[in-house]
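Student: heads up, no residue letters with this:
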């Protein structure tokens with residue numbers, strides 16, 4: 001293993017350890033010493049990659065952003081409708097959050113006092129942009145009512161999705177997130193989608209809940 005590969009592996013280990021602790025006990029309550037112990041690295045190794053805890057938080061938010069953008073791109077492929085792509089994106093995020101501490105920590109950081117460093121956008125701003133674009137396209141495709149207020153719907157959907165994950169993380173296993181996401185869509189679709197197309201998307205929500213990889 002080359003020095004560069006070892007360094008990259010150590011950096012990834014430190015980020016994962018920090019994300020796990022940020023998710024389980026919070027950013028403020030986690031010290032660099034906690035991260036060193038949890039990652040099983042030396043303080044020198046940690047400081048080689050990250051000068052401060054804020055740098056670790058920023059690295060986690062960067063990874064979360066990159067994952068979100070990649071999933072948005074991947075779920076929008078294969079000739080799917082914009083509404084289906086949006087639904088698949090939320091299910092992917094929910095399922096991956098159950099497996100990836102970086103995504104869970106990113107959400108906890110986003111709902112706290114940590115702010116991304118420019119040019120990185122706040123996660124909620126990024127999600128609103130993605131959701132708004134998908135919804136606007138869904139209106140053009142006649143899968144969403146033409147009189148829907150895109151800004152209001154996008155804001156409500158992001159709040160619903162984030163709130164579901166935040167409340168769920170405090171009350172039940174993270175593995176239940178796909179089920180909660182399906183329940184969210186069962187409610188939203190009844191108000192958003194014309195009745196002639198509604199059954200298709202209600203069935204899709206039920207199917208995506210069961211799919212292990214909803215890409």
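Tutor: Nice, I can see it. This structure is a prediction, so every number in the text was calculated from the model and none was measured.
Student: all the helices of the chain, in order from the start?
Tutor: With helices called from DSSP state H, the chain shows them at 3-25, 32-39, 43-49, 53-75, 82-99, 101-110, 123-140, 150-171, 177-192, 195-210.
Student: which one of those lies nearest to residue 117?
Tutor: For the helices of the chain, the distance to residue 117 is smallest for helix 53-75, at 5.5 Å, taking C-beta to C-beta. C-betas here are computed from N, CA, C, even on glycine.
Student: pull out the buried residues from the closest one.
Tutor: For helix 53-75, a neighbour-count test (16 or more other C-beta atoms under 10 Å) marks 53, 56-65, 67-68, 71-72, 75 as buried.
Student: nearest to residue 161, out of those: which one, please.
Tutor: Using C-beta to C-beta, the buried residues of helix 53-75 come closest to residue 161 at residue 68, 11.8 Å.
Student: tell me how far the closest one lies from residue 107.
Tutor: Using C-beta to C-beta, to the nearest Å, one gets 11 Å for the distance from residue 68 to residue 107.
Student: okay, and the common contacts of those two?
Tutor: Common contacts of residue 68 and residue 107, defined by C-beta atoms under 8 Å, 6 or more residues apart in numbering, comprise residue 123.
Student: in the protein, where is pLDDT below threshold?
Tutor: Scanning the chain for pLDDT under 70 picks out the ranges 1.
Student: could you redo the last one with a cut-off of 50?
Tutor: Counting by pLDDT under 50, the chain shows no low-confidence range.
Student: so what's the residue nearest the centre of the chain up against?
Tutor: Most central residue of the chain, judged by C-alpha distance to the mean C-alpha position with C-alpha atoms, centre = their mean, is residue 93 at 4.6 Å. Residue 93 makes contacts with 68, 71, 103, 161, as judged by C-beta under 8 Å, 6+ apart.
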